[in-house]
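**Student:** coords below, sequence missing:
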């Protein structure tokens, strides 16, 4: 077929039998359409028989015109950073039930074909960039599609810190930590923590306190282009840590500052044309359906 | 003095001794500055001795270049609609403690002087317009600076309704009702109901379920220019009602539709130059102050 | 058959076709077993063909050894008061899905037979008795199996009131009202309002604030034998009301006191021997099932 | 003076200048009353000049008739276990503001005198005992006056587990963890996590989910004599941990079971006769005071 996306990069969940089968079927489906597919090197071991070229994640992102990710939202999350750095759009296929990000079901490869033919919705999702600064040195920085979370040290402990927005003092807190989430992340960890749902089109960031000592603390939603700074008080006895999309940790020493702001590049997320955000909400949160 | 605002309209809380005293003092202060003041007809009875012209609220809004409201946030709320209709900016003086909207303390008339001299922050706050439509007829409509709330009939009852955003079905609900709030209203009734705080600059609307039967319902924040439609199911046995800024009620018959969207005109809210939104949050919600 | 309960009183939801069919089938089933059945006068019109004696609710409760209620939890709630006054146990049959109180499905009449043969669980559920006292006169009083709720006047309004427990001052509140619930009611309205679930065996009462102005208010769980007093402040401008199990309203004038305490008699609730409280929680709240 | 408690054990916060001064003053005050005082060995270094006998915590608990703890609620918590093992009552003095457990202010030594004279309230607070069992071996066990918390491994991760109460399956969960708290602990960590307040006299335990994936999870309050079992699923990829009163960690391997039940001995907590539990709530949570 004549695909809008010439080269397809295939990324999947390893160590999951069901996902491996879907992967195998997808590769066969795409090969039958004479499409040029490349395979992610972490994914390859899950597929016993294939003749695709295997590439590291960065190489894959460089050569592919579209990444197809098979798995759950977590897998897509894990791929987002490389995709953003290399400006390659991403399409998610879920292995059985709808995800918020992976919204094609494994038995609907026909939808992928339609997308490759050029019929799709392109949605731009922004990421957050978090940097930890201590004594004028950047100790580390990372991207997050869902959320940046200040979490306790390995020994559980309340952390004392100050929050600033656009250099304006907001409040001090004594809590387990704080979640700063994008609209994409507002239906993930931040939601479990009591945060509101932000519509994906809303250019906003939500700050959700985690187990705050002050009971009148509430989630705050601010404009997407505002900068959040968190100052870790020197009074703490243990050192908290920073988690970006819950998979990587940056140390945040006492006296350090965490700066969080919108990353300059967006993730290009591909949806089938019948994509319905509210349907994913209803389905995943078991909300009420249309009344008869 | 040479005021930027030639004619000042004075509006106050009636039936409150403290507010009456502040009113009297304010009138004396402004008269000493040779400023042209007009008095709201509902406010006038509270002031025994004055020689100001007394006007109805609409007339006052038509002639004044600035409305000065003395009282709590509720008083300013009550004045907002007329002010918006007549494009007159509003300045709030609180009678003792900080409000979110009335942020000048009664002992700081000097701040009013500075504002009249042209030194102030002008903030645009948007309002919601709610209309109830039944069998193709508009049964009523109203404006809200804080929130539009669907509330139970006078006999307490769960109401069954559907929510649509920009004509897309969101969910059905069985609940006491729902609050649709502006950023201004996000620190009022919606906050008591578990909604997030929306920064006043954020162009967004929050939908907060009231006592929902489905426990996984959560507040949703959407773009400010989106339209919310609520369909009152015909299956209900009692008829709910609509409250705009909790002071006026519109009947919402079974089968009716409530349409809520941003009103085309904004309220011009005047603040002193040292206005600090987060300070009002910290003060009113007793959040943590700067750490030593 | 030789039933432990000689005379059965049948109560059902009127105006519901499905419930009417289940009622008809139940009567046939019980008649075939040669059991002595009486029919509730409010229920009778729903059943076109029967030859049962029809009695008013109080008469029914006086003569029956067991009440069988067909419908939802609301129907059983509505029957509870009469059942308690006349010391007659109650058995609930739900019309399609599990309820918390009506836990026999309509296709499981065999479970009723087993119960009549003497094989069942008898659970004692306590009720609350609420009285409104004003100027030394009792204005009204009522019983509640689920909850007593102080709710706003017909025009929405915050109410100012004080809470006392066993004559000890707890706090003042400015809120939409307050819910005082039994363990039975903890999975009903109080749960939607953010209250915890109280196990039915726990001898406790929960006090849940409704949309409190003070954000640090939290539900409080106290011993079942404690007395809650609510004093309606004279400062209010509108008069709130009291709802017992959301179906009856008592006026609560400014300056009045509401006294709420455990009622001296319990409801005897009959369950099949395979009754599983946690299964109803999982089923109704869609909680996680056993892991494989 | 003739004290009801012959030998007093003094325990304080080390490394806090203010607490050290209060300690010094207390020792002088008690010495002037000719009372027999012993000093905790961890506390002694904070006091430069004294002639008291210094003992290890266990020895102190063995010899003292009353422990006087100076510091915050955390200090008393830390002392509770030893006090319970040795049946010695505890009295808490706070260093500046009221605590829930340490309810004598540092400038009210006169209240201590009254207590020593025999005028006091003795309150029994129960503790939880948690044991981790894996492959029929007890890996560890500990006591908690406030709460037992299942928390994530040092790398943040959702944990999958099952909850049983009295051997009845309740639900499975996918969450950050779970808090099982006593009434004493219900105003501590569990409260920040959204749990209800349990009156200290209530014989109950509350189970509070931490950031649950299933949004309809709610805190559950059960009878104090019920046993909670938590089974850590073998499906997890990281191993969670158990914290008792947030200060000690027990490893909980995949496949292990955590058993939590009321400990057989209570803590004897001494209060002055004017002790008012609700006053501590109002003071610490800034609830509304009596209305005028």
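**Tutor:** Looks like it arrived, so ask away. Just so you know, these numbers come straight off a predicted model, no measurement behind them.

**Student:** Let me see the contact set for the residue of the stretch 51-200 of chain A found nearest chain D.
**Tutor:** Using Cβ to the nearest Cβ, the closest approach of the stretch 51-200 of chain A to chain D is made by residue A:154 at 3.6 Å. In this view, the C-beta of every residue, glycine as well, is placed from N, C-alpha and C. If you count contacts by Cβ atoms under 8 Å, 6 or more residues apart in numbering or on different chains, residue A:154 has them with residue D:154.

**Student:** any idea how far it is from residue A:232?
**Tutor:** Residue A:154 is 16 Å from residue A:232, where distance means Cβ to Cβ, to the nearest Å.

**Student:** Which residues of chain A lie near chain D?
**Tutor:** Within reach of chain D by Cβ under 8 Å from any Cβ of the partner chain, chain A has these residues: A:149, A:151, A:154-157, A:175-176, A:189, A:191-194, A:210-213, A:215-216, A:243, A:246, A:249, A:285-286.

**Student:** Just to be sure, which of the residues you listed are found in helices?
**Tutor:** If you go by DSSP state H, those have A:189, A:191-192, A:285 in helices.

**Student:** can you redo the residues you listed as CSV with pLDDT, neighbour count and distance to residue B:35?
**Tutor:** Converted to CSV, those look like this (pLDDT from 0 to 100; neighbours: other Cβ atoms under 10 Å in any protein chain shown; distance: Cβ to Cβ, whole Å):
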residue, pLDDT, neighbour count, distance to residue B:35
A:189, 95, 24, 55
A:191, 97, 24, 52
A:192, 96, 22, 55
A:285, 93, 20, 56
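
**Student:** Can you sort out which of these also neighbour chain B?
**Tutor:** A:191, A:285.

**Student:** So which of the residues of chain A next to chain D are in strands?
**Tutor:** Residues of the residues of chain A next to chain D located in strands (DSSP state E): A:149, A:151, A:175, A:210, A:243, A:249.

**Student:** how about the strands of the stretch 1-150 of chain A, start to end?
**Tutor:** A:7-12, A:36-40, A:53-55, A:66-71, A:90-94, A:121-134, A:137-144, A:147-151 (DSSP state E, counting those that start in this stretch).

**Student:** how about those in CSV, adding distance to chain C and mean neighbour count?
**Tutor:** As requested, the strands of the stretch 1-150 of chain A are exported to CSV (distance: least, Cβ to the nearest Cβ, whole Å; neighbours: other Cβ atoms under 10 Å in any protein chain shown):
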stretch, distance to chain C, mean neighbour count
strand A:7-12, 23, 25
strand A:36-40, 29, 21
strand A:53-55, 33, 16
strand A:66-71, 20, 26
strand A:90-94, 20, 25
strand A:121-134, 27, 18
strand A:137-144, 27, 17
strand A:147-151, 22, 26
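
**Student:** number of nearby residues for residue A:208?
**Tutor:** Counted with other Cβ atoms under 10 Å in any protein chain shown, residues neighbouring residue A:208 total 28.

**Student:** Just the element for it, please.
**Tutor:** Per DSSP states H and E: residue A:208 is located in strand A:204-210.

**Student:** Let me know the next secondary structure element after that strand.
**Tutor:** Moving toward the C-terminus from strand A:204-210, the next helix or strand (DSSP H and E) is strand A:220-223.

**Student:** Does chain C have contacts with that next one?
**Tutor:** No. If you take Cβ under 8 Å from any Cβ as the test, strand A:220-223 misses chain C, and the best it gets is 13.2 Å.

**Student:** Run through who's touching the following helix or strand past that strand.
**Tutor:** Toward the C-terminal end, the helix or strand that comes next after strand A:220-223 (DSSP H and E) is strand A:228-232. With Cβ under 8 Å, 6+ apart as the test, strand A:228-232 has contacts from A:150, A:159, A:161-165, A:167, A:178, A:180, A:205, A:207, A:222, A:239-240, A:252-261.

**Student:** pLDDT weak spots in chain A?
**Tutor:** Residue ranges of chain A with pLDDT under 70: A:14-15, A:96-98.

**Student:** any idea of the angle the biggest helix by length in it forms with strand A:90-94?
**Tutor:** Criterion DSSP H: the longest helix present in chain A is helix A:17-32. Interaxial angle, helix A:17-32 versus strand A:90-94 (axes from the mean of the first three to the mean of the last three Cα atoms, to 10 degrees): 130 degrees.
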